[in-house]
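Participant: Fold the following for me, if possible:
(4 chains)
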Protein chains: 4
Amino acid sequence: MPKNFAIIGVGGYIAPRHLQAIQDTGNRLLAAVDPKDSVGILDKYSYDVKFFTEIERFDRHLEKLRRGAESERIHFVSICSPNYLHDAHCRLALRVGADVICEKPLVINPWNFDALEELENETSHRIYTVLQLRVHPELIKLKESLQNANTKHEVQLTYITSRGPWYQVSWKGQNDKSGGVATNIGVHFFDLLLWLFGSMQGIKVYYSDDNRMSGFIELERANVKWFLSVDKNDLPESSKASNKTTFRSITVDGKEIEFSEGFTDLHTKVYQETLAGRGFGISDARPSIELTYKIRTAKISQKDSLVHPLLKK
Amino acid sequence: MPKNFAIIGVGGYIAPRHLQAIQDTGNRLLAAVDPKDSVGILDKYSYDVKFFTEIERFDRHLEKLRRGAESERIHFVSICSPNYLHDAHCRLALRVGADVICEKPLVINPWNFDALEELENETSHRIYTVLQLRVHPELIKLKESLQNANTKHEVQLTYITSRGPWYQVSWKGQNDKSGGVATNIGVHFFDLLLWLFGSMQGIKVYYSDDNRMSGFIELERANVKWFLSVDKNDLPESSKASNKTTFRSITVDGKEIEFSEGFTDLHTKVYQETLAGRGFGISDARPSIELTYKIRTAKISQKDSLVHPLLKK
Amino acid sequence: MPKNFAIIGVGGYIAPRHLQAIQDTGNRLLAAVDPKDSVGILDKYSYDVKFFTEIERFDRHLEKLRRGAESERIHFVSICSPNYLHDAHCRLALRVGADVICEKPLVINPWNFDALEELENETSHRIYTVLQLRVHPELIKLKESLQNANTKHEVQLTYITSRGPWYQVSWKGQNDKSGGVATNIGVHFFDLLLWLFGSMQGIKVYYSDDNRMSGFIELERANVKWFLSVDKNDLPESSKASNKTTFRSITVDGKEIEFSEGFTDLHTKVYQETLAGRGFGISDARPSIELTYKIRTAKISQKDSLVHPLLKK
Amino acid sequence: MPKNFAIIGVGGYIAPRHLQAIQDTGNRLLAAVDPKDSVGILDKYSYDVKFFTEIERFDRHLEKLRRGAESERIHFVSICSPNYLHDAHCRLALRVGADVICEKPLVINPWNFDALEELENETSHRIYTVLQLRVHPELIKLKESLQNANTKHEVQLTYITSRGPWYQVSWKGQNDKSGGVATNIGVHFFDLLLWLFGSMQGIKVYYSDDNRMSGFIELERANVKWFLSVDKNDLPESSKASNKTTFRSITVDGKEIEFSEGFTDLHTKVYQETLAGRGFGISDARPSIELTYKIRTAKISQKDSLVHPLLKK
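Facilitator: As a prediction, the model looks like this:
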């Protein structure tokens, strides 16, 4: 029997992947909410989605469904709202008797996990998040290949993805709403590195402004130099020359990890895994949230030998 | 030398066609405003667009550009805001010394044209609108073929385009913001018919609710039975059977007008024509706005022999 | 020990009476939320009120307090938001472990009571509402004096309270947000009549527009002709002559009920009663909500002998 | 003949003084706009005020009045919106052919004056602002008494006015919207000092955070040590002991300037003066805006002998 979904935040950038994943996994979308009413995207998936522009009216509708026929009850709420609202929207979903599939980052500040975990226990419902790199076939292979090694790897993470001025004007540019560059742009990669190389032993942050951050992380099995930016001026010349607007590179012991393909349907895979009982929960999300929180609040260190090459310039 | 554009309402459904047309015609977008900050779409076109979420700050920026270097002055403002704001945004553009390319309908109520025309005269700037069917090659041919005929044609217009519940929740579902079905969904076709068959002689409206309207129009050279709907239940069985969500048909003397192709780049054609001094101005837009206003405010007539076949059911 | 309060909707018209009542009853206000940030009113009562403009952040704060020290837990949430949000905000309060004191009308549509009652049972917390006329000394006396009588009384209710154009532009002018004139302006008086004269036997509605409604109600022990208006043109000449902007009259068997005094501190009395365990709950509020719902959705009757005199004109 | 007024920002803290001043000077309020719809305050003044929640619709209405009968034209627009919108709203007013009476600060950044001055010239309409201390009888006397002296005075300005947490959450707590403490809280006093003691010769800023700022200004005829705060903890013990929440003191050569009385109707006096052709225009406002801009953007200096006593602690 298909599961019934509702979605919070359907008018933004990432929602279409969730809508597609709901459809791809054979489930039904019954309700949606977004303060913005420009949500014609819904018509690509269903003409039977109740829509609300106010979270209170959405809550009323879900409460009504909860008290109605089992076939109409919402089983899952997908959350695509701005980062700083994720935990409140998770609570809303748990309280109306639904499980959650929440975009990353699940929360901005790690202490918000505690309240969510308690509410999971109180409600017997679960929160899952989207850590899609963990279901990427090439990266799964990489993890396996690294499993046996006992050496400490030298890793370099570089991610530059150009954003225009709108980015800083939007909630994504406000630290208290997005968590800043390390959280909003970097959390996927930090989660990947923790997953591949074990827990954090220590960090340094060498640089931080609204557009870029750079630092060093020692993990159990790797030393990581990282550089993240949303400023197109940080792109390597080779990218500029070929009009590319994103540069993404992870090297392990000097060797490039190839994972530029196979990105398109990762949300669907995450949904499949979650529905099959193998979703990523709070305990999976916690290490990368704790790491990005530490990075966000770290004092700036003097540059030393551990600095990322792009920062030497 | 390329023209400088600014755009009002860049986060909605129709904005991408304007962004594309600005790019296709070799011009530059310098500024954008939208109360919604989910406007990553801008990055597909340029990383140098100043973005604002408040119309007041956008106005300040355009005033600043107006007083700066000629090369940075805004020459055109493209308007993609909700219908009921079009005329206010036209005024804003004229006042900062720009011409306007405004989405349809230029205004909801015809008396707002008067203030706009006076402001055109005061500022020596012009307002153009997007009547893209008038630049459709097949329809231009049709107009030519009809030119010579002296007979009164029998025309039937049917346009059913499914919309989910979000439509009525959004501004498009509020009569005072969108003008209702006849204006929001129908104005293009009414403009086309006026352009093809001459001015309105009289109207009847047989049915009107939030989702559908139907009536009769006598034009100089045609009698028109029309039916417009956003309810998928109104689709003909053939469409439902083939999972089509839109049904569009114009017949002239029983013969189907074929114009399902060639829609994709009509905004670019409109921009080209406008930039070449052949844009559609207030006087072009006025007849269809007056007609849709009459339709919106008409008393409902008893069904008679002039009723559209779909309404007989 | 003082109770801790939080308030939803602190920037509007009615909030100051709740703030005053919280203070008058010796309790503490710890948190407030309002989408409008013009809430300097708070400084008149306390400089230690956490303030939020988003309901989600308010919810996070209350959840945090719930998990903290008992002395900081929120015991009561006062609700002064627009009518149509009352029930959603009641749910929020119950879920974070608080009781509720909610402005009238508790809900707009009676079926929303059912979900609230179930949630009361699930959470063991209670919802109270403000039916302040029931604590008015003169009206209590009146009720006692009527108790013994067995005759059916002839009652006439007239309430005309002038509002400028802003009223219809605000949420109060939107039927689905305020419930319209009968609910927003009339519910107090309908509750009073039900409380004084017993349950509703039948109704007629003779007139209804955005500014005024008039009808007839048969109660167990009274026949009631009523007229409600927010249009200053409906004021009796005597009021106009003396520049009064409100006319309020209830007559029982032709005799005027005097209750123009003693209005100022009724909210405080309601708070005192509620805190003493004698608050008005869902079952108290239900009859007037059911009555106003019936009035709002009734067919308009032809005028007959039961019509209010002001409507005869 | 009475002048017709419209007001922008009618739901906030300062609007009632403008509404009162419009009434006190025998003029008429015809239109108002505020994104917040809780504006029942209007009913205290008139039941005939068109109200809008969107600036675009307000603009449409004023344009309509401009083209209508002279008796209905808006002569003055009063501006009580958040500081950062003042200049945009001034432009709106000038463009529809009205003069302006704008709350302080007229602008946040001095370069915005240039565009306003040009627009004054283009439209032949004038912008006035509210520098109400300049019409305070005691302060006028003080100015006269200081006129003859040739010595350099030693001045100390202390203004501590408690605000709860809401202040920092509101636009007043955002530097780019309010200008920060020096601009939002201090601009009146800085204007007063410039008016009394002549133009600025130099400044130092010793301390600056969201809640307090302190520094030194050399004026032509005075050395000024100043301290501004919205934190109740900064109040002197004497104020705390007597439960006062505001402390205001200006001493000249050690002598306290008395001006705690006579504040209530200063807005009305400003309106009277303005209507009589003696309003304060851009050139009057400019020095204090330039000074507060300099203060806002100054580097923090090491404390020295010129520091305000409260900062020594």
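
Participant: where do the helices sit along the stretch 201-313 of chain A?
Facilitator: With helices called from DSSP state H, counting those that start in this stretch, the stretch 201-313 of chain A shows them at A:237-241, A:266-275, A:282-297, A:309-312.

Participant: Look at residue A:137 and say how many residues are nearby.
Facilitator: Using other CB atoms under 10 Å in any protein chain shown, residue A:137 has 12 other residues around it. From N, CA and C alone the C-beta is placed, and that goes for glycine too.

Participant: cool, and residue A:57?
Facilitator: When counting by other CB under 10 Å, one arrives at 18 neighbours for residue A:57.

Participant: who touches the helix or strand where it lies?
Facilitator: Per DSSP states H and E, residue A:57 falls inside helix A:55-66. Contacts to helix A:55-66, defined as CB atoms under 8 Å, 6 or more residues apart in numbering or on different chains, come from residues A:4, A:6, A:8, A:30-31, A:33, A:50, A:52, A:72-74, A:77, A:89, A:92, A:96-98, C:55-56, C:84-85, C:87-89, C:91, C:112, C:115, C:119.

Participant: Buried ones from these, can you make that a PyMOL selection?
Facilitator: For the buried members of the contacts of helix A:55-66, the matching PyMOL selection, counting by 16 or more other CB atoms under 10 Å in any protein chain shown, is:
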select buried, (chain A and resi 4+6+8+30+31+33+50+52+73+74+77+89+92+96+97+98) or (chain C and resi 55+56+84+85+87+88+89+91+112+115+119)
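
Participant: Now the helix holding residue A:57: average pLDDT?
Facilitator: For helix A:55-66, mean pLDDT rounds to 97.

Participant: Kindly report the same for stretch A:278-296.
Facilitator: 98.

Participant: what does stretch A:263-274 give?
Facilitator: For stretch A:263-274, the mean pLDDT works out to 92.

Participant: got it, and stretch A:36-45?
Facilitator: Here the average pLDDT along stretch A:36-45 is 97.

Participant: Return the distance of it from the chain's centre.
Facilitator: Relative to its chain's centre, stretch A:36-45 lies at 22 Å (CA atoms, centre = their mean, to the nearest Å).

Participant: need the residues of the stretch 101-250 of chain A near chain C, please.
Facilitator: For the stretch 101-250 of chain A, the contact set with chain C under CB under 8 Å from any CB of the partner chain comprises A:112, A:114, A:115, A:118, A:119.

Participant: per-domain residue ranges of chain A.
Facilitator: With domains defined by automatic domain parsing, chain A comprises A:4-129, A:133-263+A:282-312.

Participant: Identify each buried residue in stretch A:304-313, please.
Facilitator: In stretch A:304-313, counting by 16+ other CB under 10 Å, buried: A:307, A:308, A:310, A:311.

Participant: what's the closest of those residues to residue D:20?
Facilitator: residue A:311 (59.4 Å; CB to CB).

Participant: Just confirm the closest one contacts residue A:207, I think it does.
Facilitator: Yes - with contacts counted by CB atoms under 8 Å, residue A:311 reaches residue A:207, the gap being 5.8 Å.

Participant: Now for the two: what residues contact both?
Facilitator: Residues touching both residue A:311 and residue A:207 (CB under 8 Å, 6+ apart) are residue A:214.

Participant: coming back round to it: quick one, which of the domains of chain A is packed in tightest?
Facilitator: Among the domains of chain A, ranked by average contacts under mean count of other CB atoms under 10 Å in any protein chain shown, first place goes to domain A:4-129 (a mean of 21).

Participant: What's the end-to-end length of it?
Facilitator: 18 Å (CA to CA, to the nearest Å).

Participant: try stretch A:245-261
Facilitator: End-to-end for stretch A:245-261, by CA to CA: 17 Å.

Participant: do it and chain B meet?
Facilitator: Yes - using CB under 8 Å from any CB, stretch A:245-261 reaches chain B at residue A:245.

Participant: That stretch: how far from the chain's middle?
Facilitator: That offset, for stretch A:245-261, works out to 19 Å (CA atoms, centre = their mean).

Participant: Residues touching it, excluding its own?
Facilitator: Applying CB under 8 Å, 6+ apart, the external contacts of stretch A:245-261 come out as A:133, A:136, A:138-139, A:142, A:146, A:153-162, A:189, A:192, A:222, A:232, A:235-236, A:239, B:43, B:47.

Participant: returning to what we had before: looking at the helices of the stretch 201-313 of chain A, spot the one closest to chain D.
Facilitator: helix A:282-297 (18.5 Å; CB to the nearest CB).

Participant: Pull up the distance across stretch A:25-41, start to finish.
Facilitator: 18 Å.

Participant: Dig out what residue A:5 forms beta bridges with.
Facilitator: Using DSSP bridges, the bridge partners assigned to residue A:5 are residue A:29, residue A:76.

Participant: ok, it touching residue A:80?
Facilitator: No - judged on CB under 8 Å, residue A:5 makes no contact with residue A:80 at a distance of 11.7 Å.

Participant: now stretch A:174-193, how far from the chain's geometric center?
Facilitator: Distance of stretch A:174-193 from the chain centroid (CA atoms, centre = their mean) equals 8 Å.

Participant: and that stretch, average pLDDT?
Facilitator: For stretch A:174-193, mean pLDDT is 96.

Participant: what's the answer for stretch A:127-146, then?
Facilitator: The pLDDT scores in stretch A:127-146 average 94.

Participant: Then stretch A:203-217?
Facilitator: The average pLDDT for stretch A:203-217 rounds to 97.

Participant: which bits of chain A sit near chain B?
Facilitator: Near chain B, when you scan chain A using CB under 8 Å from any CB, you find A:11-13, A:32, A:36-40, A:42-43, A:46-53, A:162-167, A:169-172, A:232, A:245.

Participant: ok so, going back, please produce CSV containing the residues of the stretch 101-250 of chain A next to chain C, extended by secondary structure, pLDDT and distance to chain D.
Facilitator: CSV is the format used below for these (DSSP: H, G, I helix; E, B strand; the rest coil; pLDDT from 0 to 100; distance: CB to the nearest CB, whole Å):
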residue, secondary structure, pLDDT, distance to chain D
A:112, helix, 95, 19
A:114, helix, 93, 24
A:115, helix, 92, 21
A:118, helix, 95, 26
A:119, helix, 96, 26
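
Participant: ok, the residues you listed vs chain B, which is closest?
Facilitator: residue A:112 (23.1 Å).

Participant: Can you tell me the closest non-neighbouring residue to that closest one?
Facilitator: Spatial nearest neighbour of residue A:112, excluding adjacent residues (CB to CB, 6 or more residues apart in numbering or on different chains): residue A:87 at 4.6 Å.

Participant: residues in contact with the one you found?
Facilitator: Going by CB under 8 Å, 6+ apart, residue A:87 touches A:106, A:107, A:112, A:115, A:116, C:60.

Participant: ok, now residue A:267?
Facilitator: If a contact means CB under 8 Å, 6+ apart, then residue A:267 has A:17, A:18, A:20, A:21, A:130, A:132 as its contacts.

Participant: Helix or strand next in line after the helix or strand encompassing residue A:182, which one?
Facilitator: Secondary structure from DSSP H and E places residue A:182 in helix A:180-184. As assigned by DSSP H and E, the chain's next helix or strand after helix A:180-184 is helix A:187-197.

Participant: for that following helix, the distance to its chain's centre please.
Facilitator: 11 Å.

Participant: what does stretch A:214-228 give?
Facilitator: Stretch A:214-228 has its average C-alpha position 19 Å from the chain's average C-alpha position, going by CA atoms, centre = their mean.

Participant: rewinding a little: among the contacts of stretch A:245-261, which ones are in strands?
Facilitator: Residues of the contacts of stretch A:245-261 located in strands (DSSP state E): A:153, A:154, A:155, A:156, A:157, A:158, A:159, A:160, A:161, A:222.

Participant: And those residues, which is closest to chain B?
Facilitator: The closest of the ones in strands among the contacts of stretch A:245-261 to chain B turns out to be residue A:161 (CB to the nearest CB; 9.4 Å).

Participant: Contacts only, for that closest one.
Facilitator: Applying CB under 8 Å, 6+ apart, the residues near residue A:161 are A:185, A:229, A:230, A:245, A:246, A:247, A:248.
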